[in-house]
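S.K.: quick one, structure for this:
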Amino acid sequence: MEQISNDSGWRGSPEGWLAAAYDLLLESGVDTVRISPLAKKLGLSRTSFYWFFKDREELLAALVARWRDKNTGNLVKQAEAYAETVVEAMLNVFDCWLDKSLFDSQSEFAIRSWALQSPDILAEVQKADQKRLDAMSQMFVRFGYKEGSADVRARTIYLVQIGYISMQTKEDLAVRMKRIPEYVEIFTGEAPEQRELDRFFARHGYSAG
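M.R.: Next up, the predicted model:
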């Protein structure tokens, strides 16, 4: 909820403070996410912050919750989404790597960097990793793969993508899309049909022609 005070004017909103904190986290790391720089960035008084958050720790917890709800929540949702074939299921997961509204790679990188200096955040990351891996492993089990194979396939997919993020790999969309069929076949053992690829390409605004 937005707040207005007659004695000190505009106080902002919790969403505004959180968005500014997110920007600082991405730009220069968690150490810079502090109340005074945020107030300056927003053009607000420092005391305005306390209308929405008890302290800096509560703001940082909100940043972690935002990352967890979006990245882990959507990855699990995509792994559990309806699919007629394992290839279609795999492409549902791949949506996360190409759609920023589903999975925020910049946030993922920033949170993992933060985890290097915070045991509490490391524990959050490890919990998220396990939840994501479990969801992808169960996706394969759903299509008849043995648990051991499902686990290894899920780990291979996930660790490759985390590697992309950690290395801050930048790929042209056309280059990545051309690799998708091979990725799918390597990860699932099944070659994608053209109609499956066409649906995937279409929802990401890509034309193979």
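S.K.: what about the longest helix along the chain, distance to the chain center?
M.R.: Using DSSP state H, we find that the single longest helix of the chain is helix 119-142. Relative to the centre of its chain, helix 119-142 is centred 13 Å away, using C-alpha atoms, centre = their mean, to the nearest Å.
S.K.: quick check: buried residues in it?
M.R.: 121, 124-125, 128-129, 132-133, 135-140 (16 or more other C-beta atoms under 10 Å). Quick note: C-beta positions are derived from backbone N, CA and C, even for glycine.
S.K.: list the helices and strands that helix packs on?
M.R.: In terms of contacts (3 or more C-beta pairs under 8 Å, 6 or more residues apart in numbering; DSSP states H and E), helix 119-142 is packed against helix 73-80, helix 86-98, helix 105-115, helix 147-166.
S.K.: now do it against helix 147-166, angle only.
M.R.: Helix 119-142 runs at 130 degrees relative to helix 147-166, counting by axes from the mean of the first three to the mean of the last three C-alpha atoms, to 10 degrees.
S.K.: got the CA positions of helix 119-142 in PDB?
M.R.: As requested, the backbone C-alpha atoms of helix 119-142 are provided in PDB (Å, rounded to 0.1, in the frame of the first residue of the first chain):
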ATOM      1  CA  PRO A 119      25.900 -19.200   5.400                       C
ATOM      2  CA  ASP A 120      22.200 -18.400   5.800                       C
ATOM      3  CA  ILE A 121      21.800 -17.500   2.200                       C
ATOM      4  CA  LEU A 122      23.800 -20.500   1.100                       C
ATOM      5  CA  ALA A 123      21.400 -22.600   3.000                       C
ATOM      6  CA  GLU A 124      18.500 -20.900   1.100                       C
ATOM      7  CA  VAL A 125      20.200 -21.600  -2.200                       C
ATOM      8  CA  GLN A 126      20.900 -25.200  -1.300                       C
ATOM      9  CA  LYS A 127      17.300 -25.700  -0.300                       C
ATOM     10  CA  ALA A 128      16.200 -24.100  -3.600                       C
ATOM     11  CA  ASP A 129      18.600 -26.300  -5.600                       C
ATOM     12  CA  GLN A 130      17.200 -29.500  -4.000                       C
ATOM     13  CA  LYS A 131      13.600 -28.500  -4.600                       C
ATOM     14  CA  ARG A 132      14.300 -27.700  -8.300                       C
ATOM     15  CA  LEU A 133      16.200 -30.900  -8.800                       C
ATOM     16  CA  ASP A 134      13.500 -33.000  -7.100                       C
ATOM     17  CA  ALA A 135      10.900 -31.400  -9.400                       C
ATOM     18  CA  MET A 136      12.900 -32.100 -12.600                       C
ATOM     19  CA  SER A 137      13.700 -35.600 -11.400                       C
ATOM     20  CA  GLN A 138      10.100 -36.400 -10.800                       C
ATOM     21  CA  MET A 139       9.300 -35.000 -14.300                       C
ATOM     22  CA  PHE A 140      11.400 -37.800 -15.800                       C
ATOM     23  CA  VAL A 141       9.900 -40.400 -13.400                       C
ATOM     24  CA  ARG A 142       6.500 -39.300 -14.600                       C
END
